[in-house]
Structure formats: structure tokens, C-alpha cells
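> Kindly generate the corresponding structure for this input.
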Amino acid sequence: MIYFDSAATTLGKPESVVRAVTESFGELGNAGRGACGASLAASRTIYSGRCLLAELFHAEDPSRIAFTSNATESLNTAIRGLLNPGDHVITTVLEHNSVLRPLYSMEDQGVHLSFIGLKGEREKGVPDLDAIPGLIRPETRAVVCTHASNLTGNLVDLTRVGRMAHERGLLFIVDAAQTAGIFPIDVQAMQIDVLCFSGHKGLLGPQGTGGLYVRPGLSVRPLKTGGSGVQSFLRHHPEEMPTALEAGTLNGHGIAGLAAGVRFILENGMDALRRKELQLMRRFYDGIRGVPGVRIYGDFASDERCPTVAMNIGNYDSGEVADELASRFGICTRPGAHCAPRMHEALGTVRQGAVRFSFSFTNTGDEADAAVRAVRTLAEEG
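Presented below is the predicted three-dimensional model:
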């Protein structure tokens with residue numbers, strides 16, 4: 001099997017991640033729920049994970065990192081916990097349903113939405129960030145956007161958007177599901193108020209892990225309340241971070257693996273890992289661009305992009321192409337709509353979907369070449 005679906009979840013985890021999870025089952029109790037060695041071990045493991053993530057994202061304080069089950073929960077927490085009826089929000093057509101559906105839910109409660117579209121050639125999928133100032137209203141509360149399209153891999157200039165938002169007193173909420181652990185993120189320099197991330201993609205952790213950074217001074221209404229291990233006699237959930245956003249028992253075993261994944265990235269160098277991924281992406285892209293019948297989506301003028309290539313062959317349904325790639329060539333990809341309906345509408349691929357190849361540093365040049373040969377074969381047969 002050749003696995004090119006790391007944008008959905010990384011498959012080849014570092015050995016240190018596997019070891020950390022395995023060992024945690026025999027060592028970790030319930031963090032913050034006792035003074036025995038197992039409980040303290042869990043607390044230390046979770047705190048270590050906060051510190052590593054704070055270092056990775058340049059957060060002011062590890063307590064500003066709260067753990068969740070995934071980026072979806074993080075985004076729901078941020079969007080539902082900061083917006084109110086009457087607020088206006090600016091977002092983009094690049095967004096995943098993890099952003100869109102919470103926003104639509106808030107729209108039903110009286111929040112108003114505006115969408116940034118694309119500029120230039122449609123198939124390049126470049127967002128028109130110049131449109132942001134013209135969309136701002138007196139009641140505008142926040143800009144919510146992804147760091148990179150999960151379909152095309154195009155990056156959004158967070159520094160620019162953060163500056164525009166903060167110059168106008170707006171909150172800046174970022175979905176970093178596709179970029180955390182792959183591209184440098186400095187929440188202070190980029191003026192990010194809330195950063196939402198998943199653990200099982202670029203951070204190399206287990207599924208069921210994720211979190212959010214909340215800047216100092218900003219309070220987010222909790223998505224859920226309950227046991228906290230502290231201040232048990234309060235009628236309301238504690239307001240101090242990170243407890244405010246961490247009701248219930250945390251996934252200590254998963255966080256142990258997530259911490260190991262972040263440590264692997266910091267020790268091996270994010271830039272070095274990303275360079276290999278982008279080299280593989282470019283090798284594949286160069287091998288299929290210009291092939292008759294193959295259409296590629298995204299802007300490849302710069303390597304400042306996620307290691308992702310989305311494509312179609314002729315008028316074939318993307319699911320049919322992906323099935324052929326898997327059954328005949330042993331190549332795993334992600335076809336369909338990618339939970340990004342507005343992006344497919346903008347690209348004109350609603351009916352067909354697209355086949356997404358996403359690369360990891362665990363892939364090889366031979367695998368990229370095998371994918372090129374497979375795509376060429378299918379295109380010639382079509």
C-alpha cells in the first residue's frame with residue numbers, strides 16, 4: 001500500500017509516538033483527580049504536552065493551551081464560545097465544514113456571515129484577501145479562516161489577515177488543522193486570538209487529540225461543563241484556563257502520544273521535514289502536469305503551500321479514479337468533496353469532486369513516481 005492521505009491523518013507515526021502511547025497505558029491515572037503516583041504521572045504528561053505546544057506555537061504561557069478531541073471540537077468551542085446574536089463574521093470559501101457548520105448554526109441564532117471569494121484563475125483557488133476591508137461592518141466581531149485549504153493546499157497569509165483584523169479591533173480565529181506541525185505558527189507575531197489544531201495530522205499524534213490556544217485576556221464560553229478536579233463546590237465551571245475548556249477526563253494516553261509527536265518535530269526540525277514533503281509533492285506535480293486530460297487545482301507558483309495536489313482526470317468521477325488507484329495500483333488517496341463544499345463550488349468541481357494526494361516525510365520518491373505512472377496510465381486509458 002502507498003499512502004497519500006496524510007492531510008486526513010498521518011499513518012506512519014514515529015516510533016517514539018507509538019512507544020509513548022503504549023507505555024502510557026501502564027503508567028497514567030486520571031490527571032488532577034488524586035495525589036497518587038499514577039494521577040501525578042498523568043498530570044505531568046499533560047503539562048509537558050502543553051509546554052511543547054506552547055513552544056511550537058510561541059504561546060505566552062502553557063496554560064493558554066487547552067486540549068480537545070480534535071480540531072472540530074476546538075473550532076466549535078471557539079465559534080460558539082465567542083460569537084453572539086447580532087455579530088458579523090468574515091470567513092472564506094476555503095473553509096472546512098468544521099468551520100462552516102458551527103458558523104451556520106450561529107447564523108441560525110442571529111450571527112451574520114460574509115465570505116471572501118477567489119481571485120484570478122478559478123482553478124488556482126487563491127483567496128481574495130484584499131476584499132476583507134470592504135466586508136467589515138460596525139457589528140463585525142471576528143475573522144475566522146483556515147491557514148491552508150485542505151483541498152488545494154494553498155496557504156492563507158495569517159500575518160496579513162491578523163494585522164488587518166487587529167487594526168480594526170476584530171478577533172482572529174484560525175483553523176490550523178492542515179498546517180500545525182508543518183508550517184511555523186507564531187500566535188503572537190501573527191496576532192492570532194484563537195488557534196485551533198488537530199493532533200493526528202501534521203503533529204503526528206493519535207486520533208482523538210487536538211486543542212486550542214486562547215490568547216491571554218480573552219475568555220471563551222465553554223462548549224461543555226462538568227468535572228474539573230478542582231473547585232468542586234462551585235455551581236459553575238471554573239473560569240481559569242485551561243480548566244475552563246477541559247471539562248471531564250482528558251485523553252491522557254492520546255496526549256502522551258501527541259507530546260511525543262511534537263517533540264519529534266522539534267528535535268528533527270519542522271523545516272527539514274516540510275522540505276522533504278514539498279520535494280515529493282513537486283516531484284509528483286511535475287510528473288502529471290501537462291498530461292492530457294489531467295486537471296490540477298491550486299497555486300503551485302510557490303513552495304509556500306501544503307504538500308497536497310488535488311486533480312481530476314477527464315470527466316471521470318473522483319471516486320471512480322480513487323477506486324482505480326487503490327484497486328489496481330495500491331495507492332490510497334482522498335476523493336470527493338473533502339468536507340469543503342464552498343471550495344468545490346468556487347472551483348466548479350461540485351459534480352465531480354477531486355482526487356487529493358497529500359504527502360508525508362514518510363513517503364519516498366519511488367512512491368511518488370509510482371503515483372505519476374498510475375495517473376498517466378489512467379489518463380491514457382480515459
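> make it CA atoms for all contacts and neighbour counts henceforth
Will do.
> domain ranges for the chain?
15-268, 269-381 (automatic domain parsing).
> can you give me the mean pLDDT across the shortest one?
In this model, domain 269-381 has a mean pLDDT of 97.
> Could you tell me the end-to-end distance of it?
End-to-end span of domain 269-381 (C-alpha to C-alpha, to the nearest Å): 42 Å.
> Repeat that for stretch 229-243.
9 Å.
> What are the contacting residues of it?
Gly32, Arg33, Ser63, Arg64, Ile65, Ala66, Thr225, Gly226, Ser228, Ala244 (C-alpha atoms under 8 Å, 6 or more residues apart in numbering).
> buried sites along whatever helix or strand Phe264 lives in?
Element membership of Phe264, judged by DSSP states H and E, is helix 252-268. By 16 or more other C-alpha atoms under 10 Å, the buried positions in helix 252-268 come out as 252-265.
> ok, back up a step: hmm, which two among the contacts of stretch 229-243 are most spread apart?
Maximum pairwise distance among the contacts of stretch 229-243 (C-alpha to C-alpha): 20.8 Å, between Arg33 and Arg64.
> Same drill for the two, tell me which one is more crowded.
With other C-alpha atoms under 10 Å as the criterion, Arg33 and Arg64 differ in neighbour count, and Arg64 comes out ahead with 22 against 17.
> sorry, back to before: now, among the buried residues of helix 252-268, which is nearest to Arg80?
Closest to Arg80, out of all of the buried residues of helix 252-268 and judged by C-alpha to C-alpha, is Ile255, at 24.4 Å.
> if I read this right, that closest one contacts Arg50, doesn't it?
No: in terms of C-alpha atoms under 8 Å, Ile255 does not count as a neighbour of Arg50; the distance is 9.3 Å.
> can you pull the contacts of Gly319?
By C-alpha under 8 Å, 6+ apart, the neighbours of Gly319 are Pro335, Gly336, Gly353, Val355.
> how about a cut-off of 7 Å?
Pro335, Gly336 (C-alpha atoms under 7 Å, 6 or more residues apart in numbering).
> in what helix or strand does it lie?
In this assignment (DSSP H and E), Gly319 forms part of helix 318-329.
> Could you do Asn312 as well?
Going by DSSP H and E, Asn312 is part of strand 308-313.
> That strand to helix 318-329, inter-axis angle?
Comparing the axes of strand 308-313 and helix 318-329 via axes from the mean of the first three to the mean of the last three C-alpha atoms, to 10 degrees yields an angle of 100 degrees.
> for the stretch 201-350 of the chain, what spans make up the strands?
Remark: strands assigned in the stretch 201-350 of the chain by DSSP state E, counting those that start in this stretch are 210-214, 294-297, 308-313, 331-332.
> Show the average pLDDT along stretch 21-41.
For stretch 21-41, the mean pLDDT works out to 91.
> Report the buried residues of it.
Val21, Ser24, Leu28, Gly29, Asn30, Ala31, Gly32, Arg33, Ala38, Ser39, Leu40, Ala41.
> Repeat that for stretch 181-192.
Under 16+ other C-alpha under 10 Å, the buried positions of stretch 181-192 are Gly181, Ile182, Phe183, Ile185, Asp186, Val187, Met190, Gln191, Ile192.
> Now Asn30. Its backbone dihedrals?
phi -100, psi 120 (degrees, to the nearest 10).
> can you pull the contacts of it?
Contacts of Asn30 (C-alpha under 7 Å, 6+ apart): Ser39, Ala42, Thr249.
> Show me which of the buried residues of helix 252-268 is closest to Met1.
Looking across the buried residues of helix 252-268 and measuring by C-alpha to C-alpha, the closest to Met1 is Gly261, at 23.3 Å.
> pretty sure that closest one is touching Val17, no?
Yes: using C-alpha atoms under 7 Å, Gly261 is in contact with Val17, at 5.7 Å.
> Out of the strands of the stretch 201-350 of the chain, which gets nearest to Glu277?
Nearest to Glu277, of the strands of the stretch 201-350 of the chain and by C-alpha to C-alpha, is strand 308-313 at 9.1 Å.
> now that closest one: how far from the chain's centre is it?
19 Å (C-alpha atoms, centre = their mean, to the nearest Å).
> can you redo the buried residues of stretch 181-192 as JSON lines with pLDDT?
Shown next, in JSON lines, are the buried residues of stretch 181-192 (pLDDT from 0 to 100):
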{"residue": "Gly181", "pLDDT": "98"}
{"residue": "Ile182", "pLDDT": "98"}
{"residue": "Phe183", "pLDDT": "98"}
{"residue": "Ile185", "pLDDT": "98"}
{"residue": "Asp186", "pLDDT": "98"}
{"residue": "Val187", "pLDDT": "98"}
{"residue": "Met190", "pLDDT": "98"}
{"residue": "Gln191", "pLDDT": "98"}
{"residue": "Ile192", "pLDDT": "98"}
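> what distance separates the start and the end of stretch 164-181?
End residues of stretch 164-181 are separated by 25 Å (C-alpha to C-alpha).
> contact partners of that stretch?
7, 71, 141-148, 150, 162, 192-198, 202-203, 265, 270.
> Any idea which residue is closest to the centre of this structure?
A centroid search over the chain (C-alpha atoms, centre = their mean) returns Ala177, at 0.6 Å, as the residue closest to the centre.
> Fine by me, we can end here.
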